[in-house]
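A.B. asks: Give me a 3D structure for the following:
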Amino acid sequence: MRQTGRLTADPVLRVLAAVGVLLVPWFLLGPGGESSSWVVQTGIDLVTLGIAVRLLRLPGNGRHTRRFWAAVTAALVCSTLGDTYQTIVTIAGRESSQSAAVQSGLVVTGMVIVVITMLFHPFGGAGRQRLRMWLDSATVLVAVAVFLWYFLLAGKFSDGRVADRVGASATVAVMMLVTFGLIKLIFSSSAPFHGSAGMVGTLGVTGTAVAAPAAALITGDSAVMFLAQLTPCLLMPVSLRMQEILTRRDLGRRVTHERRGFSRLPYAAVAATQLLLVAGLAAVDPDLRIWGVAVGVLISTGLVLARQQAAFRDNERLVTELSASREWFSALVQHAADLIVVVGTDDVVQYASPAAGRILGAEAGRTAADTLHPRIHPDDRPVFADLNERLTAGSSAEAEFRVAREDGTYAWLHVVATDLRGNPNVRGVVWNSRDITDSRRLQDELRHQATHDALTGLANRVLLQQKVRETNPELPICMLLLDLDGFKQVNDVHGHHAGDEVLITVARRVTALLGRAGTIARLGGDEFAVLLPGADPARAAVLADLIAASVAEPIEVFGGTVTVGASVGVAAGTPADADRLLRDADEAMYRTKQSRRSEVPATLTAEAPARR
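C.D. replies: Just a heads-up that it's a prediction; the model follows:
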């Protein structure tokens, strides 16, 4: 409605409409004649040329669109020159066959320019859409050929004059090419003009070929012939002005090209040929039987066309609703934070939503067709296999595992998998996945803080007890308890920062000695425990001596070098006796400490700065 209002309010279109209205009394009741018709024709050409130049200069035209309007402008220049020349010679009373040939030659030259441009304009479309475009074009083209034959060509062949036949055939051929070019542009998916403007222009071009001969055949009145010749020409500036208005409306804003619906032009062409058939029957005076058949054909054709229109409207409505639903769903998926993946029965990703780019760093469409299993973290593949097994027993299951990103790192995903392999529209397992990498990292940090010593990074008492519980209950274990001798003097002389350095160094040395044979934990202060699963007491005693010797090595601290001793107690038993083992190791450690009382607990081997 807004577009129609803008067109009807345009002053140029109003002036052109007023001219069209005034032409009727001027030629039918007034002094209009041949000279007047050429003057009006030249004026229409000048207006049309001016609008075409404005269209050519509009910004935003694509390469093919600009080429089309340049060809139209060149054709209008030729037509304007030819009609102006013919107007001058007609008013001067010097009209001849030579002057008519000059005018016709210029007009035909312009038409050839436009026809060549239209024929080389890209048709666009693909598959069924392209087939539909060709069928629609052929339907309209056949209807135009029928009208040209009836009003222009058939009469010339009846007269038997060769020159008339050749001239009429050439005119028909040119008009068919022009019509084909226009129809091709109207039906193509890359038309350089809007549909409504193209329809008006097509009517104008077709009318210039058939309107005047039809008027001559029906009435024979020269005034009616002049009017019938000028009226289609007047549609040309109307169509170009409509195109200019609609193009300027689209400038400065982003225009979404809507899907092209079905065209009514082929059905209008079929209806027109049916009416022409009835009009032709009236000229031969058929009997009632023929009239009955003709009326039946006309009614049945009308009913079929009406049914097709209703069916196409329903299809358009359904397709529009489906397109809206798809766009709505696409918008949701496009901006969804969660990742949606469809995995086929062959473990190949059939679809991955755009969130794959944000979560996995994959390019659009890159994740699809990838095999999923290699992307799973090796440690999490049992979890992935368990997820698939649970899917076979039920319709959905969930799990958490890591999936490889494009840069080689891994993202933690919380996956809710739904088995839709039995759905013929999906035929796969649908993953609804949420990126939980940050939350898992936070959980891991909190878990590490809860089970590890903040200073040394060693396990704490909680993790030590967990390791004991995880040990095979049938295997023997040994527990070592380590306490530093002289650690208090390090703190008193060098400060707590030096004590921290001593604890870190001791933790590093014992860890290096232990390797993967067991677990070392800091129980608090300068007290450490070592868990040795499957070790015998003799091996544990050897390790205790090694630990004591390693700890006794000098330790570099800020401001000097210190040495500390280590009292180590050893106890052996089973995982069920873990608490008793700690007590026994503690008692053994204190017996060792008592035996070392005579030793110097800590020695300063480099002069330390005085403490204030």
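A.B. asks: only C-alpha atoms for contact and neighbour calcs from this point on.
C.D. replies: Noted.
A.B. asks: Touching, Pro473 and Ala576? I think so.
C.D. replies: Yes: Pro473 is within contact range of Ala576, at 7.0 Å (criterion: CA atoms under 8 Å).
A.B. asks: Assess the claim that Leu523 and Leu464 are in contact.
C.D. replies: No: Leu523 lies out of contact with Leu464 (CA under 8 Å); the separation is 9.1 Å.
A.B. asks: If we go by neighbour counts, what in the strand or helix carrying Thr48 is buried?
C.D. replies: Thr48 belongs to helix 34-56 when assigned by DSSP states H and E. Using 16 or more other CA atoms under 10 Å as the test for burial, helix 34-56 gives 34-53, 55-56.
A.B. asks: go on, stretch 579-587?
C.D. replies: So for stretch 579-587, counting by 16+ other CA under 10 Å, buried means 580-582, 584-587.
A.B. asks: Which members of these occur in strands, if any?
C.D. replies: Of the buried residues of stretch 579-587, none are assigned to strands by DSSP state E.
A.B. asks: hmm, which helix or strand of this protein has the shakiest average pLDDT?
C.D. replies: When the helices and strands of the chain are scored by mean pLDDT, DSSP states H and E, strand 602-604 comes last with a mean of 37.
A.B. asks: what helix or strand does the nearest residue to Asp536 once chain neighbours are set aside sit in?
C.D. replies: Once flanking residues are discounted, Asp536 sits nearest to Cys478: 6.8 Å by CA to CA, 6 or more residues apart in numbering. For Cys478, the enclosing helix or strand under DSSP H and E is strand 477-485.
A.B. asks: Kindly report the same for Trp412.
C.D. replies: Using DSSP H and E, the element containing Trp412 is strand 410-420.
A.B. asks: Give the partner strands of that strand in its sheet and their orientations.
C.D. replies: strand 396-404 (antiparallel), strand 428-435 (antiparallel) (DSSP bridges).
A.B. asks: looking at those strands, which is closest to Pro266?
C.D. replies: Judged by CA to CA, the one of the strands paired with strand 410-420 that comes nearest to Pro266 is strand 428-435, at 43.7 Å.
A.B. asks: what does the next helix or strand after the closest one contact?
C.D. replies: Helices and strands here follow DSSP H and E; after strand 428-435, the next one along the chain is helix 437-451. With CA atoms under 8 Å, 6 or more residues apart in numbering as the test, helix 437-451 has contacts from 411-413, 459-463.
A.B. asks: Quick one: distance of helix 437-451 to the chain centre.
C.D. replies: How far helix 437-451 lies from its chain's middle: 37 Å, per CA atoms, centre = their mean, to the nearest Å.
A.B. asks: List the buried residues in that helix.
C.D. replies: 437, 448, 451.
A.B. asks: Now render those residues as CSV, adding pLDDT and distance to Lys593.
C.D. replies: Converted to CSV, the buried residues of helix 437-451 look like this (pLDDT from 0 to 100; distance: CA to CA, whole Å):
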residue, pLDDT, distance to Lys593
Thr437, 85, 48
His448, 85, 32
Thr451, 86, 29
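A.B. asks: what residue ranges in the stretch 351-500 of the chain score low on pLDDT?
C.D. replies: 362-369, 394 (pLDDT under 70).
A.B. asks: can we see that at 90?
C.D. replies: 351-376, 381, 383-413, 415-454, 456-479, 482-499 (pLDDT under 90).
A.B. asks: now swap in the stretch 501-612 of the chain and tell me
C.D. replies: 513-519, 523-526, 531-545, 548, 552, 555-569, 572-612.
A.B. asks: rewinding a little: of the buried residues of stretch 579-587, just say which sits nearest to Ala216.
C.D. replies: Closest to Ala216, out of all of the buried residues of stretch 579-587 and judged by CA to CA, is Leu582, at 121.7 Å.
A.B. asks: quick one, what contacts the closest one?
C.D. replies: Neighbours of Leu582 in contact, by CA under 8 Å, 6+ apart: 479-481, 571.
A.B. asks: 7 Å - rerun?
C.D. replies: Met479 (CA atoms under 7 Å, 6 or more residues apart in numbering).
A.B. asks: And it, how far from Ala538?
C.D. replies: Between Leu582 and Ala538 the distance is 18 Å, computed by CA to CA, to the nearest Å.
A.B. asks: so where do the strands sit in this structure?
C.D. replies: 339-343, 349-352, 396-404, 410-420, 428-435, 477-485, 519-524, 527-533, 555-557, 560-573, 602-604.
A.B. asks: I'd like the ones you listed as a markdown table, with distance to Leu455 and mean neighbour count appended.
C.D. replies: Below are the strands of the chain laid out as a markdown table (distance: least, CA to CA, whole Å; neighbours: other CA atoms under 10 Å):
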| stretch | distance to Leu455 | mean neighbour count |
| --- | --- | --- |
| strand 339-343 | 39 | 24 |
| strand 349-352 | 45 | 21 |
| strand 396-404 | 30 | 19 |
| strand 410-420 | 29 | 20 |
| strand 428-435 | 32 | 22 |
| strand 477-485 | 16 | 26 |
| strand 519-524 | 10 | 21 |
| strand 527-533 | 13 | 23 |
| strand 555-557 | 16 | 17 |
| strand 560-573 | 19 | 23 |
| strand 602-604 | 22 | 15 |
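A.B. asks: Tabulate those strands (a markdown table), appending distance to Pro11.
C.D. replies: A markdown table is the format used below for the strands of the chain (distance: least, CA to CA, whole Å):
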| stretch | distance to Pro11 |
| --- | --- |
| strand 339-343 | 55 |
| strand 349-352 | 54 |
| strand 396-404 | 65 |
| strand 410-420 | 62 |
| strand 428-435 | 59 |
| strand 477-485 | 102 |
| strand 519-524 | 92 |
| strand 527-533 | 97 |
| strand 555-557 | 95 |
| strand 560-573 | 99 |
| strand 602-604 | 105 |
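A.B. asks: Of these, which is nearest Leu251?
C.D. replies: Once these are compared by CA to CA, strand 349-352 is nearest, at 36.5 Å.
A.B. asks: quick revisit: also compute the angle for the strand holding Trp412 relative to strand 339-343, please.
C.D. replies: When axes from the mean of the first three to the mean of the last three CA atoms, to 10 degrees is applied, the directions of strand 410-420 and strand 339-343 differ by 60 degrees.
A.B. asks: contact partners of strand 410-420?
C.D. replies: When contacts are defined by CA under 7 Å, 6+ apart, strand 410-420 is touched by residues 391, 395-405, 426-437.
A.B. asks: Good, wrapping up.
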